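Trainee: model this:
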Amino acid sequence: MNTNVPREPWNKGKLVGQKAPLRLRDIWSIRVRLQISEKTRDLALFNLAIDSKLRACDLTKLRVRDIAHGMQVTPRAIVMQQKTHRPVQFEITDQTRAALEAWIHQAQLRNEDFLFPSRLHRSDHLSTRQYARIVKAWVTSIDLDPAMYGTHTLRRTKASLIYRRTKNLRAVQLLLGHTKLESTVRYLGIEVEDALDMAEHTEV
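Mentor: Residues are numbered from 1 along each chain as shown. Alright, predicted model coming up:
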């Protein structure tokens, strides 16, 4: 066996780089489709992914106790991030709380249970790979290119919307749980975004 044969790069033919955030119309299109098809779990997962701005590894490992007291979902939650080992706080909007409470009730989840149990016997909770497949199905359902979007799309979506509305970079840094402001700048692609905005509003 010739071990010197060069291996094909894992990303050959694939689009790499930051995944695009969803636009408001994309969010509502996916949300409406999930509501119409009565996908209670997916609606709860989608809404919480946007509100929490959590990485996939943290989102999939949430337990009921992390976001609720009994059957009552709290307006805010604090989670210890796996990557940074630092706590991050996030808001849970009314519609997300309603979706989560419906899911907890339907799945008969208890306080110690994982919020999104895996449907596979070998895993206790939804895996990041399973979550990625679900996200792909969401974006494909509204005719978006799945190569342009991924799990980080959901993490970036609300943060990007907040920044565009407020230009408060420090607030977004706190919401994403970044330790350095430079990380937030790179993550949001702010320099390019702002340059384009200025160009669009400058007449020559």
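
Trainee: can you list contacts of the longest helix seen in the chain?
Mentor: Criterion DSSP state H: the longest helix present in the chain is helix 151-166. For helix 151-166, contacts defined as CB atoms under 8 Å, 6 or more residues apart in numbering pick out 18-22, 24, 27, 46, 49-51, 53-56, 128, 131-132, 135, 139, 168-169, 171-172, 175-176, 187-188, 190, 193. (Glycine included, C-beta is placed from N, CA and C.)

Trainee: redo that, cut-off 7 Å
Mentor: Contact partners of helix 151-166, identified using CB atoms under 7 Å, 6 or more residues apart in numbering, comprise 19-22, 27, 49-51, 53-56, 128, 131-132, 135, 169, 171-172, 175-176, 188, 190.

Trainee: mind checking which of the residues you listed are in helices?
Mentor: Per DSSP H, the subset of these in helices is 27, 49-51, 56, 128, 131-132, 135, 169, 171-172, 175-176, 188, 190.

Trainee: which of those residues lies at the shortest distance from Ser118?
Mentor: Comparing the ones in helices among the contacts of helix 151-166 against Ser118 with CB to CB places Tyr131 closest, at 10.2 Å.

Trainee: count the neighbours of the closest one for me.
Mentor: If you count neighbours by other CB atoms under 10 Å, Tyr131 ends up with 21.

Trainee: at the geometric centre of this structure, which residue sits there?
Mentor: Leu154 (2.9 Å; CA atoms, centre = their mean).

Trainee: what's the pLDDT at Thr84?
Mentor: Note on Thr84: pLDDT of 84.

Trainee: which of the ones in helices among the contacts of helix 151-166 count as buried?
Mentor: The neighbour-count criterion (16 or more other CB atoms under 10 Å) marks Ile27, Ala49, Ile50, Asp51, Ala56, Tyr131, Val135, Val172, Leu175, Leu176, Leu188, Ile190 among the ones in helices among the contacts of helix 151-166 as buried.
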